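**Q** Next comes the sequence, and after it the predicted model I'd like to discuss.
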Amino acid sequence: MTNRTVLVLLDPATEIRTSALELFTIARGLGTVEAVALAGVGVEVLAQLEAYGVESVHQAEFSDAAGRVVTGDERHLPAVVAAALAAAVRRADADVVLLPSSFAAKEAAALTAHALGAGLIIDAAGVSEGDDGRIVGSKRVFAGSWDTSCEVTTDVAVLTVRANAVVPAPAAARVNTQTEPLPVEVPELGVTLASREVKARSGDRPPLEEAAIVVAGGRGTDGDFGPVTELADALGAAVGASRDAVFEGWWDTYVGQTGVTVAPRVYIGAGISGAPHHRGGMQASQHIVAVNSDPEAPIFEICDFAVIGELADVLPQAAEEIRRHKG
Ligand SMILES: Cc1cc2nc3c(=O)[nH]c(=O)nc-3n(C[C@H](O)[C@H](O)[C@H](O)COP(=O)(O)OP(=O)(O)OC[C@H]3O[C@@H](n4cnc5c(N)ncnc54)[C@H](O)[C@@H]3O)c2cc1C
């Protein structure tokens, strides 16, 4: 491992999400880890940064061109986040910037790379060091049909990394994280932020995009998502659906090429045929389990574990067994 500095975006600064812990875990394998926060971090956040081996945190302090302090929601606009990241890279002489793969973070990553003349990889499923010491991002493309490795040839590499790329793990030893103010001038935006609403997460289920396990139901449920949600809750999984199931009004969010793209550790598709449009949004999953009553269903061609059977029989049995093991 060469002596490089890796910056990780920490947004929000008030809590540490699993996606940030995954990025810190990846960053430790690449070099010295530092975080960039869009506000001051609290004691609890600092304790987690110490546990994950983050040597320092650059706490952005925004001001406008006239020197007035900026503390509003515009701090989260991609152009403003990019200004903070670029300032942090210049100050820390950093080599790598890691961000999660949310839509806003991808835009911020592109703007940061543009400002720094850096190489950019979006939606990496893994980040490593190549034989020549350069940063390599691996990703699945073309609806999961190709695995690619991209080497960054510029001095600075900016990458957004998909959720579940690694299992988050604390550092072998805690560090004493230093906090440092990072003065950032908010750029000329050309837009005015009218409102920003952070959506409350529904129930106890993880968000579909980030979940380590996803259970999805299709037309084969015939409108009864009870067995799907029962298994999901036994596993602590997110619930998804096929587009047809959503168009029938049986669920609200669908997985697929025109829906949400997921790449969990385990994807369970129940009563889903595995049409190309659906596969495009889930084929990058690490393990695919399919439950279908038709032995000829196309989803069986891409799954790791196939269950031929009625989902109303199979899923409750699986949920029961999981609850028993947990108990
Ligand atoms: C432009 C475009 C974009 C699209 N984008 C998407 C997208 O992003 N995501 C998406 O999902 N779809 C998308 N679609 C639709 C897609 O092509 C398929 O029509 C859809 O995915 C099929 O949904 P399904 O698998 O639930 O239904 P079906 O194809 O009808 O499959 C149902 C399956 O359930 C099985 N089954 C039936 N009863 C049972 C039972 N009791 N127990 C177990 N199994 C059972 C059947 O054997 C069958 O395999 C798109 C289509 C178009 C035209």
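**A** Cool, got the structure. Residues are numbered from 1 along each chain as shown.
**Q** check contacts around the residue lying closest to Asp132 once chain neighbours are set aside.
**A** In this structure, Asp132 finds its nearest non-sequential neighbour in Glu151, 8.0 Å apart by CB to CB, 6 or more residues apart in numbering. The way it works is simple: take the backbone N, C-alpha and C, and place the C-beta from them, glycine included. Counting by CB atoms under 8 Å, 6 or more residues apart in numbering, Glu151 makes contact with Gly130, Asp132, Arg134, Ile135, Val136.
**Q** could you redo the last one with a cut-off of 6 Å?
**A** Glu151 makes contact with Gly130, Arg134, Val136, according to CB atoms under 6 Å, 6 or more residues apart in numbering.
**Q** quick one: the first one and Val136 touch, right?
**A** Yes: applying CB atoms under 6 Å, one finds Gly130 in contact with Val136, separated by 4.5 Å.
**Q** Tell me the residue of this protein that sits nearest the ligand?
**A** At 2.0 Å from the ligand, Gly256 is the closest residue in the chain, using CB to the nearest ligand atom.
**Q** May I ask you to confirm that that residue is in contact with Gln283?
**A** No: between Gly256 and Gln283 there is no contact under CB under 6 Å: 10.2 Å.
**Q** more crowded one of the two?
**A** Ranked by neighbour count (other CB atoms under 10 Å), Gly256 and Gln283 place Gly256 first, with 24 against 20.
**Q** Could you measure from the closest residue in space to that one that isn't next to it in sequence over to Ala35?
**A** The shortest distance from Gly256 to any non-neighbouring residue, by CB to CB, 6+ apart, is to Gly281 (3.9 Å). Going from Gly281 to Ala35 by CB to CB, to the nearest Å gives 31 Å.
**Q** who's in contact with Val69?
**A** Val69 neighbours (CB under 6 Å, 6+ apart): Ser63.
**Q** any idea which of the contacts of Glu151 has the most stuff around it?
**A** Val136 leads the contacts of Glu151 on contacts (other CB under 10 Å) with 19 neighbours.
**Q** List the contacts of that one.
**A** Contacts for Val136 were tallied using CB under 6 Å, 6+ apart; they are Ser128, Gly130, Ser149, Glu151.
**Q** Nearest to Ala173, out of these: which one, please.
**A** Nearest to Ala173 out of these is Ser128 (CB to CB; 23.0 Å).
**Q** Over to the residue nearest to that closest one when sequence neighbours are not counted: give its phi and psi.
**A** Counting by CB to CB, 6+ apart, Val136 is the residue found nearest to Ser128 once chain neighbours are left out, at 5.1 Å. Taking degrees, to the nearest 10, you get phi -120, psi 130 for the backbone angles of Val136.
**Q** May I have the beta-bridge partners of Val136?
**A** Taking DSSP bridges as the rule, Val136 bridges to Ser128, Glu151.
**Q** burial of the residue lying closest to Arg140 once chain neighbours are set aside, as a residue count?
**A** In this structure, Arg140 finds its nearest non-sequential neighbour in Ala284, 4.2 Å apart by CB to CB, 6+ apart. Residues lying near Ala284 (other CB under 10 Å) number 24.
**Q** OK, contacts around Ala284?
**A** Shown in contact with Ala284 (CB under 6 Å, 6+ apart): Arg140, Gly144, Ala263.
**Q** Who wins on neighbours among these?
**A** Busiest of those [other CB under 10 Å] is Ala263, holding 23 neighbours.
**Q** any idea how far it is from Gly281?
**A** Distance from Ala263 to Gly281, counting by CB to CB: 9 Å.
**Q** same check, this time on Asp123
**A** Between Asp123 and Gly281 the computed distance is 13 Å (CB to CB).
**Q** which residue sits closest to Ala104, ignoring its sequence neighbours?
**A** Pro78 is the one closest to Ala104 (CB to CB, 6+ apart), at 5.5 Å.
**Q** Just to check, the one you found is in contact with Ala109?
**A** No: assessed by CB under 6 Å, Pro78 is found out of contact with Ala109, at 8.5 Å.
**Q** which of these two has more neighbours?
**A** Taking neighbours as other CB under 10 Å, Pro78 and Ala109 compare with Ala109 leading, 27 against 17.
**Q** Now do the contacts for that one.
**A** Ala109 is in contact with Leu99, Val158, Thr160, counting by CB under 6 Å, 6+ apart.
**Q** Highest neighbour count among the residues you listed?
**A** Most neighbours among the contacts of Ala109, by other CB under 10 Å: Val158, with 31 neighbours.
**Q** domain assignment for the protein?
**A** What automatic domain parsing lists as the domains of the chain is 5-185, 213-326.
**Q** tell me the pLDDT at Ser145?
**A** Note for Ser145: predicted pLDDT of 76.
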